[in-house]
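**Q** Would you be able to build a 3D model of this:
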Amino acid sequence: MIDAPDCILFVQHGWTDTHQDILQLAKVLGTAKNQIVALNFGWLKTWIKSEDILELIEQKASEVLASYPDIPWRIIGYSLGGLLWLDFLDKHPELWSKINSIVLIGCPVNGANSFGILNPSEIEIAQYLLKSRQAIAEKIAQSIPTLSIAGDLGNGTDGTIGVESSQLAFGKFTCLPDLSHAKLKTAPQVVEVIQEFWDFLPIPVIPKKDFATVLIERLQAVPGMTDTQNRDFERSQVYLLFQDGKSIRVWKNSLNILYVFLANKDKECLYAGCVGWVHAQELQNSLEAIHQDYYELVIHGLG
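**A** This next block holds a predicted model:
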């Protein structure tokens, strides 16, 4: 089986930008055990409605969650990308417990007044950039370690975003001199600050699930699978026998309902489920996949 990553690193580019620079930053920061997710909206799509962009983030987050439900996340949002992730997390507090940290780079948490020149009454994205997320960011920062990084060209701004606009209570704040808004994406100083921040936030060790739990989850994931009672357990036949004595057993009744059981080495039923004939092939496929995935643990010649 392919080893799962130890962390999902989401990075998001900003307005009138692509993912190229922020992806390179992620690669410098990442390790071989990180999986980097860098959505590329492209220059043009950052002008569309914020709700449409947020929907794309939601779709990708759902895909990653389905593939790696137990892997922690780290988030890096540059400029508009940081605002998008703050709004996404505000809608999904159920995800907060799996997020190791948030890094906001050149992000106008308190609103970017400079974008008032875009005529907010006609350009929706200008309204989005002007809006303050201070309350949202501070609420999140009380639960998730948060770092905000700003640049200062000497006049309290990085040329686009004001230093004060990037500050938030309950989070860590770092202001780097002589860095413009654009250079914040690629500057070595930013890499150093993020790495130092992460060094004090070790990724939590996810407890390994025992083998029985893994097998039960695999069986429950079969389309059409319904948990049931184990009253027909004694009629079942061993399909797969594992070296530790556990076994997956099957039995089909007169109505062509296919029952599957997981038993321990003492032949005690740990799980019972069933599928109708419509999903019988999908159960068969799942059992074969389990056989292949744990080939070295199976005593063969059964089934």
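**Q** in the stretch 101-250 of the chain, which segments are predicted with low confidence?
**A** Along the stretch 101-250 of the chain, segments meeting pLDDT under 70 span 112-126, 202-208.
**Q** in it, which spans are strands?
**A** 146-152, 172-177, 226-227, 237-242, 247-252 (DSSP state E, counting those that start in this stretch).
**Q** residues in contact with the residue lying farthest from the centre of the chain?
**A** Centroid-distance maximum for the chain: Ser254 at 44.2 Å, with CA atoms, centre = their mean. Not one residue lies near Ser254 by CB atoms under 8 Å, 6 or more residues apart in numbering. Placement of C-beta: from N, CA and C, glycine included.
**Q** Is it in a helix, a strand, or coil?
**A** coil (DSSP: H, G, I helix; E, B strand; the rest coil).
**Q** Now the strands of the stretch 101-250 of the chain in JSON lines, please, with extra columns for distance to Asp199 and mean neighbour count.
**A** Converted to JSON lines, those look like this (distance: least, CB to CB, whole Å; neighbours: other CB atoms under 10 Å):
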{"stretch": "strand 146-152", "distance to Asp199": "12", "mean neighbour count": "24"}
{"stretch": "strand 172-177", "distance to Asp199": "13", "mean neighbour count": "15"}
{"stretch": "strand 226-227", "distance to Asp199": "44", "mean neighbour count": "12"}
{"stretch": "strand 237-242", "distance to Asp199": "41", "mean neighbour count": "18"}
{"stretch": "strand 247-252", "distance to Asp199": "44", "mean neighbour count": "19"}
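**Q** need those strands in TSV with distance to Lys98, can you?
**A** Shown next, in TSV, are the strands of the stretch 101-250 of the chain (distance: least, CB to CB, whole Å):
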stretch	distance to Lys98
strand 146-152	15
strand 172-177	20
strand 226-227	26
strand 237-242	30
strand 247-252	30
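**Q** right, so of those strands, which gets closest to Val103?
**A** strand 146-152 (4.8 Å; CB to CB).
**Q** quick one: strands adjacent to the closest one?
**A** strand 99-105 (parallel), strand 172-177 (parallel) (DSSP bridges).
**Q** right, and those - which one's nearest Asn230?
**A** The nearest among those, by CB to CB, is strand 99-105 at 38.7 Å.
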